[in-house]
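Student: this one's structure only:
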């Protein structure tokens, strides 16, 4: 049975509000509980406080899994997305931008007065981002939003760990995973964030062992999951839990570990402006490579190419068509 | 009498929606009346059509005079802005961003259901921008919005030519100019756009001759105003109509022509990504320099520095504090 979509992503539908900030601003906010370089969940009151601290901002569609879907579309892949916005201007921005990447997206917007989710992203001079997310409409994502036909039509369903933070969304997550396997499709998961891993470690471990075919994590998330300080030890453990593990290591590149082989690739050289979306775009490159049946090393290379584009400017979505960045030798493959 | 503000800007309050497009897309739209590299006024239906042609976009506050106010604030100048948004999410973005630059802004948002103005900006590979603006709430700006106290408290009131496109806004423009001179303040005008000049040439000429103390224009706008193909001839004519004329010439730099002297400066070297806001930021540098009583050549240099920052990335507002870019020898002045 052929699939209509190479990739279905399910995640939070978020508009990012980004601005550059000083290290001092973050340091001062750490006293108020803000975790640097992490994703902090906030309420509307705190959102307003943080917004007022930010300089003139740039708005762009975001959301981890949706960034992956957008990049997958930018590579030329046929993808779909499930996620919940509200019927407001931010929701319209979100919907426009995912459709602009030719991604199938038809989750009806929420009409109950809760706004589209927003992430207030503070970018420090080192290019790293500290996210402060008001989930808004996203917390209302539930199993009824998981379109069985879409899951059935998609070779891989990709889930972001952030969904574990909300009970209904977590249930939607389980539903999607069950349907994926009902139709002999594959399920991919990204761990999303070290603090998210800490919040849900045992649930993540069970979920990975029972249901995940492809696991994405950065080095910090993986060592947090396995409660070790040694990346190699964490990888060995992950390898026992999942047959296909992808680990990103920032400027040190990435590796893909399967039953049969381990491949390592370097990061593509670029000037880092804003790391928002680095992992999401990397995952898209790997998943697009897999959909093209490329060797693992080339999948990882596409991941590095996508990440380099995305971190070279503000915002998590590519400003250049990723299809135009595919090296000629891979197009010929 | 000392002034509370160095600069009061009055103009359209717009949120920019920017995305990269191909030359072919613009060429195809020219058949539908879109003028390349210009500001095209559009209705909501056309706005939707154009938005659907655009790739994944970036939203940021814009508006010509407001960009100038924001840059003036970023230099450390004390400024104010008058312009009309609606009470919607785009209006909130606009208001946040101008306050973030410490610009006084208190025009109450419109509550009649018309949305905040949006400019759909198509950026071609050469870095030039073609703007398509739905004026929304802006067309309701009228003389009652011109706060006499603000005009009185501001050394210079800066007006964007785009306001001439709407009868009520044009009347607000005249009111502001009259008040400016009532309080012996100075009035500055930017011609904004060649097509705007063509639409209102005789009104512009009368207004400049009767009321304008400082005139900003790019070379194309100036030769359009004086209906000549020769920039030097246009400058000679402008010099007769206004005692202080500032002409930008893109990569060829800029010149300031007064009764007493003519100064020329080169453009600062930079990689051009998106020229949106180039003229607005340049004007802010000149006006900030004037507020610091710097020599004209140094005023123009600050203009070039601001423009170089703004055109090196997507969007019309600086991502770096312009105060941090003021050369040490000028700070000491």
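Tutor: Thanks, I have it. Note that this is a predicted model, so its numbers are computed, not measured.

Student: let me know the pLDDT of the residue of the stretch 201-333 of chain A found nearest chain B.
Tutor: Closest to chain B within the stretch 201-333 of chain A is residue A:317: 4.8 Å, counting by Cβ to the nearest Cβ. No exception for glycine: its C-beta is placed from N, CA and C like everyone else's. Per-residue confidence for residue A:317 comes out at a pLDDT of 96.

Student: can you tell me the element it falls in?
Tutor: With secondary structure defined by DSSP states H and E, residue A:317 is part of neither a helix nor a strand.

Student: give the rounded mean pLDDT of stretch A:14-31.
Tutor: Mean predicted confidence for stretch A:14-31 is 96.

Student: is that stretch in proximity to chain B?
Tutor: Yes - figure legend: stretch A:14-31 in contact with chain B (Cβ under 8 Å from any Cβ of the partner chain); contacting residues A:19-20.

Student: and that stretch, which residues are buried?
Tutor: Buried positions in stretch A:14-31, judged by neighbour count with 16 or more other Cβ atoms under 10 Å in any protein chain shown: A:14-21, A:25-26, A:29.

Student: now the end-to-end length of that stretch.
Tutor: In terms of Cα to Cα, to the nearest Å, the two terminal residues of stretch A:14-31 are separated by 26 Å.

Student: distance between it and the chain's centre?
Tutor: A distance of 20 Å separates the C-alpha centroid of stretch A:14-31 from that of its chain, computed with Cα atoms, centre = their mean, to the nearest Å.

Student: quick one on the thing from earlier: mind checking which of the buried residues of stretch A:14-31 land in strands?
Tutor: If you go by DSSP state E, the buried residues of stretch A:14-31 have A:14-20 in strands.

Student: next, format those as JSON lines and append distance to residue B:205.
Tutor: Supplementary listing: these in JSON lines, determined by distance: Cβ to Cβ, whole Å:
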{"residue": "A:14", "distance to residue B:205": "50"}
{"residue": "A:15", "distance to residue B:205": "44"}
{"residue": "A:16", "distance to residue B:205": "46"}
{"residue": "A:17", "distance to residue B:205": "43"}
{"residue": "A:18", "distance to residue B:205": "43"}
{"residue": "A:19", "distance to residue B:205": "41"}
{"residue": "A:20", "distance to residue B:205": "42"}
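
Student: and of the residues you listed, the nearest to residue A:166?
Tutor: For residue A:166, the closest of these turns out to be residue A:14, at 13.1 Å, with distances computed as Cβ to Cβ.

Student: wait, what's in contact with that closest one?
Tutor: Residue A:14 sits next to A:61-63, A:66, A:94, A:116-119, A:133, A:138 when contact means Cβ atoms under 8 Å, 6 or more residues apart in numbering or on different chains.

Student: go through these and name the one nearest residue B:287.
Tutor: Proximity of those to residue B:287, judged by Cβ to Cβ, is greatest for residue A:118, which lies at 33.8 Å.

Student: tell me who's in contact with that closest one.
Tutor: Each residue near residue A:118 by Cβ under 8 Å, 6+ apart is listed here: A:14-17, A:47, A:90, A:133-134, A:136.

Student: so which residues on the stretch 101-250 of chain A come close to chain B?
Tutor: Contact residues (Cβ under 8 Å from any Cβ) of the stretch 101-250 of chain A with chain B: A:101, A:115.

Student: where along the stretch 101-250 of chain A do the strands fall?
Tutor: In chain order, the stretch 101-250 of chain A shows strands spanning A:104-105, A:117-123, A:129-134, A:154-160, A:186-190, A:214-218, A:244-248, with DSSP state E, counting those that start in this stretch as the criterion.

Student: how many other residues sit next to residue A:258?
Tutor: Neighbourhood size, residue A:258 [other Cβ atoms under 10 Å in any protein chain shown]: 15.

Student: now do the end-to-end distance for stretch A:101-116.
Tutor: Note: stretch A:101-116 ends 20 Å apart using Cα to Cα.

Student: excluding sequence neighbours, find me the nearest residue to residue A:67.
Tutor: Nearest residue to residue A:67, sequence neighbours excluded (Cβ to Cβ, 6 or more residues apart in numbering or on different chains): residue A:280, at 3.6 Å.

Student: residues contacting that neighbour?
Tutor: Residue A:280 makes contact with A:64-65, A:67-68, A:71, A:190, A:310, A:316 under the criterion Cβ under 8 Å, 6+ apart.

Student: may I ask which helix or strand encompasses it?
Tutor: Assessed by DSSP H and E, residue A:280 sits inside helix A:278-291.

Student: tilt between that helix and strand A:129-134?
Tutor: Here the directions of helix A:278-291 and strand A:129-134 differ by 90 degrees (axes from the mean of the first three to the mean of the last three Cα atoms, to 10 degrees).

Student: what is the mean pLDDT for helix A:278-291?
Tutor: Over the span of helix A:278-291, the pLDDT mean works out to 98.

Student: same for the helix or strand following that helix, what does it pack against?
Tutor: Once helix A:278-291 ends, the next helix or strand along the chain (criterion: DSSP H and E) is helix A:296-311. In this structure, helix A:296-311 packs against helix A:64-74, strand A:244-248, strand A:254-258, strand A:262-265, helix A:278-291, helix A:328-331, with contacts taken as 3 or more Cβ pairs under 8 Å, 6 or more residues apart in numbering or on different chains; DSSP states H and E.

Student: any idea of the angle helix A:296-311 forms with helix A:278-291?
Tutor: Per the same axes, to 10 degrees, the angle that helix A:296-311 makes with helix A:278-291 is 140 degrees.

Student: what's near enough to touch residue A:198?
Tutor: With contacts defined as Cβ under 8 Å, 6+ apart, residue A:198 is in contact with residue A:224.

Student: quick one: it from residue A:165, how far?
Tutor: Computed with Cβ to Cβ, to the nearest Å, the distance linking residue A:198 and residue A:165 is 12 Å.

Student: tell me, what's touching the two both at once?
Tutor: The contact lists of residue A:198 and residue A:165 share no entry, where a contact means Cβ under 8 Å, 6+ apart.

Student: so which of the helices and strands packed on helix A:296-311 is the most packed in?
Tutor: Mean neighbour counts were taken over these using mean count of other Cβ atoms under 10 Å in any protein chain shown, and the top value, a mean of 31, falls to helix A:64-74.

Student: what's the angle between it and strand A:186-190?
Tutor: 120 degrees.
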